[in-house]
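Engineer: build me a structure from this.
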Amino acid sequence: MNRKNIKTGKNWAPHKNSRVCSMHFVDGAPSTSFPNPTLNLGKVSYTEDAQIQAPSKEYSPKTSGSDPGTDVETILAHEDHTYTKTGEFNCQSNCNCDCIARLSNKIIQLENTLKMLAIKSDESFCSGISLADMMDNTICANADNKKYFTDRFLSDDRSVKLNTGLPNKGTFNKLLQSGPARKLSIRAEFLMVLMKLRLGLTNEFLASIFSISASSCSTILTTWIKFLSVQLRGLVIWPDKNLIRTMLPASLAEKYPSLRCILDCSETFTDKPRDLKLQAATWSDYKKHNTLKYLVGIAPNSHISFMSKAWGGRTTDRQIIQQSGFLDLVDPHDLIIADRGFPIQEDLLFKMANLVIPPPSSGLEQMYSQNVAQTKKVANVRIHVERAINRLKWFHILSSTLPVTMAHLFDDILIICAALCNLLPPLIV
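Structural biologist: Now for the predicted structure:
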């Protein structure tokens, strides 16, 4: 290379610390196709302003003595390129040399890459979203940031009813106004609890959906179920007698004008307990399974007005009536309709109330015509409590097998499900 050393005036000679700038190679470095430097070798014509000028006398680069590559010779050898200088050593603004073109293309590629990364970042992560903003925007699922796709389950009224059992999104948002302070967002926790009740999903499956541990899911469910039971208990009320008469459906007003309540019992399967006494207490001869039994009472308009605590499947209907506190709510001259499995005439007589049940059929080859008519008349009314129980078991946690680990929450679950059913339109118009 025919080049003078600026300091000594002698021809420059390479040594072990000498390097050739990548701008002199076609591929940016020695390659099989272009092993030798062929670009920017000083053979192109430059304008006077763009020619290489020697550094001023005031410029005195520092040396580090023993540090290779930082001695004066090496620094000066690296500083004779116009494209590495600043100020008066830069190319002109309208320069069209190869290195400028390559740098421009590289800048365009980097800008496009940044744009693509920004788009992917917007699609993948959402941060700093308030509760109001989350109502109509998809929350991004990310295990680290604890964001979830809750809106896919709350996209419209039909999805809300299918996944949570609530009639519409408005009811969901109203019930969401308050809640216990937990690790996750209130909206995500509330949705998870309602999905547990409505769909009967296991804790492990819910934990995988919401990207949390099974233990955290169990803690959240326990807290919310206790909380909702207290908050929603006021939706399961025993109406005043005068109020019932004002809302008595026309189909029942003629047949039973003093009707106060329609009763029936239902059962939910549970896992077999290890304790032998609990196995015996929960065994149901009717269902041939270990069950939890509870009493359901509905008002004449089909709203659930009474929900007892859960009892073992071995408990009789009369025992539940006597020990659940139902008789304390009965007023004189009330009419109670039940199945023939409720022999509670004597109990109601002490309250000066009346009981209507279908006529007995056991031991008879054929029922009398008047008994058939009476049975049909009572059945036409009792069907409404069956419909109410069917609506109650629309929450799959009541129609599936309950784990033993959730037995201590079952009374609260009954109250919550009954309260949510009362938010739906009445079955009898």
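Engineer: make it CA atoms for all contacts and neighbour counts henceforth
Structural biologist: Noted.
Engineer: then stretch 32-39 to PDB, C-alphas only?
Structural biologist: Only the C-alpha atoms of stretch 32-39 are listed here, as PDB (Å, rounded to 0.1, in the frame of the first residue of the first chain):
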ATOM      1  CA  THR A  32     -14.100 -16.700  -0.500                       C
ATOM      2  CA  SER A  33     -15.500 -14.700  -3.400                       C
ATOM      3  CA  PHE A  34     -13.700 -11.400  -2.400                       C
ATOM      4  CA  PRO A  35     -10.600 -12.200  -0.200                       C
ATOM      5  CA  ASN A  36      -8.800  -8.900  -0.900                       C
ATOM      6  CA  PRO A  37      -9.800  -5.300  -0.300                       C
ATOM      7  CA  THR A  38     -11.100  -3.600  -3.400                       C
ATOM      8  CA  LEU A  39     -13.300  -0.700  -2.200                       C
END
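Engineer: quick check, pLDDT for the residue nearest to Val404 when sequence neighbours are not counted.
Structural biologist: Using Cα to Cα, 6 or more residues apart in numbering and skipping residues adjacent in sequence, the residue nearest Val404 is Asp271, 5.7 Å away. pLDDT recorded at Asp271 is 95.
Engineer: check Lys43 too.
Structural biologist: At Lys43, pLDDT is 51.
Engineer: quick one: buried residues of the helix or strand hosting Asn390?
Structural biologist: Using DSSP states H and E, Asn390 maps to helix 369-392. Neighbour-count burial for helix 369-392, counted by 16 or more other Cα atoms under 10 Å, picks out 374-375, 378-379, 381-382, 384-386, 388-389, 391-392.
Engineer: how about stretch 244-262?
Structural biologist: Ile244, Leu248, Pro249, Leu252, Tyr256, Pro257, Ser258, Leu259, Arg260, Cys261, Ile262.
Engineer: and the helix holding Asn390, what does it pack onto?
Structural biologist: strand 259-269, strand 289-298, helix 410-422 (3 or more Cα pairs under 8 Å, 6 or more residues apart in numbering; DSSP states H and E).
Engineer: count residues in the vicinity of the closest residue to Pro30 other than its chain neighbours, would you?
Structural biologist: Closest residue to Pro30 apart from its sequence neighbours, by Cα to Cα, 6+ apart: Asn36 at 6.4 Å. Counted with other Cα atoms under 10 Å, residues neighbouring Asn36 total 13.
Engineer: so Asn36: helix, strand or coil?
Structural biologist: The three-state label given to Asn36 by DSSP: H, G, I helix; E, B strand; the rest coil is coil.
Engineer: Leu355 too?
Structural biologist: strand.
Engineer: separation between the residue nearest to Pro30 and Ile383?
Structural biologist: Distance of Asn36 to Ile383, given as Cα to Cα, to the nearest Å: 95 Å.
Engineer: any chance of the buried residues of stretch 244-262 in TSV, with pLDDT and distance to Arg340 too?
Structural biologist: Shown next, in TSV, are the buried residues of stretch 244-262 (pLDDT from 0 to 100; distance: Cα to Cα, whole Å):
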residue	pLDDT	distance to Arg340
Ile244	88	24
Leu248	86	24
Pro249	86	24
Leu252	86	20
Tyr256	89	18
Pro257	89	21
Ser258	90	20
Leu259	92	17
Arg260	93	18
Cys261	94	15
Ile262	94	13
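Engineer: closest one of those residues to Met116?
Structural biologist: Pro249 (63.6 Å; Cα to Cα).
Engineer: I'd assumed Ile428 was in contact with that closest one.
Structural biologist: Yes: proximity of Pro249 to Ile428 meets the contact threshold set by Cα atoms under 8 Å, at 6.9 Å.
Engineer: overlap in contacts, the two.
Structural biologist: Pro300, Asn301 (Cα atoms under 8 Å, 6 or more residues apart in numbering).
Engineer: on that earlier part again, which members of the buried residues of helix 369-392 define the maximum pairwise distance?
Structural biologist: Gln374 and Leu392 (27.7 Å).
Engineer: in the chain, where's the longest helix?
Structural biologist: For the chain, the helix with the greatest residue count under DSSP state H is helix 98-124.
Engineer: residues contacting Lys351?
Structural biologist: Contacts for Lys351 were tallied using Cα under 8 Å, 6+ apart; they are Leu327, Val330, Asp331, Pro332.
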